[in-house]
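Below are the sequence and a predicted model for it; my questions follow.
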Amino acid sequence: MTHDVVIIGGGPNGLLLSCELALAGIRPLVLERLSERAGMPKANGLVGRVVQALDQRGLYERLSGRGGPPAAAPGFQFGALPLELHRLEDNPMFMLPIPQRRLEELLEERALELGAEIRRGHELTGLSQTADEVTAEVTGPDGGYELTARFLVGADGGRSTVRKRLGVGFPGITDRSFTSRQGQVSIDPPVAVPGTGELDVPGLGRLRTATFTRTEHGMFAYGMFQPGLYRVSAIEWSSSPLEDSTSMPLDELRDAVRRVLGADVPMRVPDDADPGLRRSTSTNSRQAERYRQGRVFLIGDAAHVHSGIGGPGLNLGMQDVLNLGWKLAAEINGWAPEGLLDTYESERRPVGERVIMHTRAQMALTSPGAGITALRALFGELLTDPGAIRRVAELMAGADVRYGDGHAHPMTGRWMPDLPLNTESGATRVAELLRRARPLLLTRTSGAAKAWSGRIEEVTTPDAPAEAVLIRPDGYVAWAGEDTDGLEEALHTWFGAPV
Ligand SMILES: Cc1cc2nc3c(=O)[nH]c(=O)nc-3n(C[C@H](O)[C@H](O)[C@H](O)COP(=O)(O)OP(=O)(O)OC[C@H]3O[C@@H](n4cnc5c(N)ncnc54)[C@H](O)[C@@H]3O)c2cc1C
């Protein structure tokens, strides 16, 4: 049996892709080498446009435990400088705090509900392809086997076996000029301020939560996830003679915090949580030379890695997934227009380049030295200007993305705002109309896309922001116009020949 799509890696990006494909009626197979999900803490949450994108799939409520639509965040940081987002009228920054482990559990639950197959304890070891299919060599609990698929997607993380087996280069830099230590620890009162989640450190006073404190020795950051349980990290501006470790002793974290802050933060191993103590001695900032080779695609960390400053990883990776998912489904379902699949790389690789740019810039802004302190003072002044706050917030949120160029209408290529809409079936909003990951046409006059009605949802509403707005399943505007001239051509270009 030849599978339609095999996804290598059951991390957040592989799991989300399996949901997207399953929504389009495909039964993807996910191969995950770990037989059980790793306990090591990774992401603390989602930052940026991806929060609204997940709301379009009805996942915001499931992941946040709150009703939608998501609300914009009042503040954030760029390079450990404050961003007063509450001063922006149309604030583009959304956040959803959730531990990565929980995110993966909920995405897996959703993928299984939708009919995806997930095999744990199955590792891809080899890969080859012809013009028609991909063959994967797999080692599972009962030994080795081969399977074939029409397409294979590498969602297997920064050290991606898929990328290596394809021979796709991963150029960039490895920065060894600092050492980062982090862990999940218990901190007791009075240092842990009851009710606020803040730390009141003897000799320093209160430190702001979920922000970086930069000193001449490094940076300190912390956040509370449940009363008394904190994620603490200390970054020092010096290389370490030690190796990376995922089993560092707690004393090492405590000592690093003391060196960075010049003060003690009393902490202990939590009673009932994995402390996840880890030391990293380098940060990679790299991007795959290609995101597609023949019938194989790379998504998420397999396609790009960068500093975690500002939490951009999942915003970037999960939007790779949402971009690729509907296009791959269109190909498999037989209606993808010529060249559609290639737009995955042409659209997403430049977005990855910008994330690498801003994370490198932020790391530079947080490094030590009088010159950087002066640069920070200047940046700090610039970031009191709402125009500059907006520019940086849009960059970090991925809200400045515009696919394609030379568009006649200002909405084309951009994110579709989540407008409230009055329709014949009642009041709704754009995100609710995209739950099924189908193309959406908003028109003021009905019937414009009748010939595509099996493939496209057409909703007539006086609240459409133009006469016709054609929206892709990933939430970006494929085409918009003040009349319907050009709509038919756009329907052909993006959604193939009529049904
Ligand atoms: C400490 C830390 C904190 C972070 N904080 C944030 C944050 O707050 N916000 C944010 O957005 N991002 C954060 N990130 C980044 C985020 O965790 C990654 O971007 C994200 O995990 C990438 O997801 P992925 O699915 O692409 O890859 P991974 O999560 O790496 O998943 C890849 C999966 O593939 C499996 N696999 C690998 N090789 C094979 C194989 N050969 N066969 C089968 N399976 C295989 C692995 O076991 C793994 O489960 C953080 C990362 C770290 C390390």
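In hand now; what should we look at?

So which bits of the protein are right by the ligand?
Within the chain, the positions adjacent to the ligand are 8-14, 31-34, 42-47, 100, 123-124, 155-157, 161, 300-301, 308, 311, 313-315, 317 by Cβ under 6 Å from any ligand atom. For glycine as for every other residue, the C-beta is placed from the backbone atoms N, C-alpha and C.

Let's see that with 5 Å instead.
8-9, 11-13, 31-34, 42-44, 123-124, 156-157, 161, 300-301, 308, 311, 313-314, 317 (Cβ under 5 Å from any ligand atom).

any chance you could map the helices in the stretch 101-250 of the chain?
Assigned by DSSP state H, counting those that start in this stretch, the helices in the stretch 101-250 of the chain fall at 161-166, 250-261.

Outside of the last one itself, list whatever touches it.
When you say that, I think you mean helix 250-261. 179, 181-183, 185, 201, 204, 213, 215, 217-220, 232, 234-236, 264-265, 267-269, 275, 277, 279 (Cβ atoms under 8 Å, 6 or more residues apart in numbering).

Let's see which of the residues you listed end up in strands.
Counting by DSSP state E, the part of the contacts of helix 250-261 found in strands is 179, 181-183, 185, 201, 213, 218-220, 232, 234-236, 279.

any idea which of the residues you listed is closest to the ligand?
The ligand lies nearest to residue 182 out of these, by Cβ to the nearest ligand atom, at 6.4 Å.

can you list the domains in the protein?
Domain assignment for the chain by automatic domain parsing gives 2-44+99-172+285-366, 177-281, 420-495.

Which of these has the highest mean neighbour count?
Per-stretch averages of neighbours, counted by mean count of other Cβ atoms under 10 Å, single out domain 2-44+99-172+285-366 among the domains of the chain, with a mean of 20.

got a markdown table for the helices of the stretch 101-250 of the chain, with mean pLDDT too?
Below are the helices of the stretch 101-250 of the chain laid out as a markdown table (pLDDT from 0 to 100):
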| stretch | mean pLDDT |
| --- | --- |
| helix 161-166 | 98 |
| helix 250-261 | 96 |
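
so can I have TSV of the ones you listed showing distance to residue 140?
Shown next, in TSV, are these (distance: least, Cβ to Cβ, whole Å):
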stretch	distance to residue 140
helix 161-166	15
helix 250-261	37
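
quick one on the thing from earlier: between the ones in strands among the contacts of helix 250-261, which has the least confident prediction?
Ranked by pLDDT, the ones in strands among the contacts of helix 250-261 bottom out at residue 213 (88).

unless I'm mixing things up, that residue is touching residue 233, no?
No: counting by Cβ atoms under 8 Å, residue 213 does not reach residue 233; the two are 10.8 Å apart.

what's the most distant pair in the ones in strands among the contacts of helix 250-261?
Longest distance between any two of these is 22.2 Å, between 201 and 279; criterion Cβ to Cβ.

Can you check the distance spanned by stretch 223-231, start to finish?
Using Cα to Cα, to the nearest Å, one end of stretch 223-231 lies 5 Å from the other.

Now do the closest residue to the ligand within the stretch 51-200 of the chain against residue 451, distance only.
Residue of the stretch 51-200 of the chain nearest the ligand, by Cβ to the nearest ligand atom: residue 157 (2.8 Å). Residue 157 sits 43 Å away from residue 451, taking Cβ to Cβ, to the nearest Å as the criterion.
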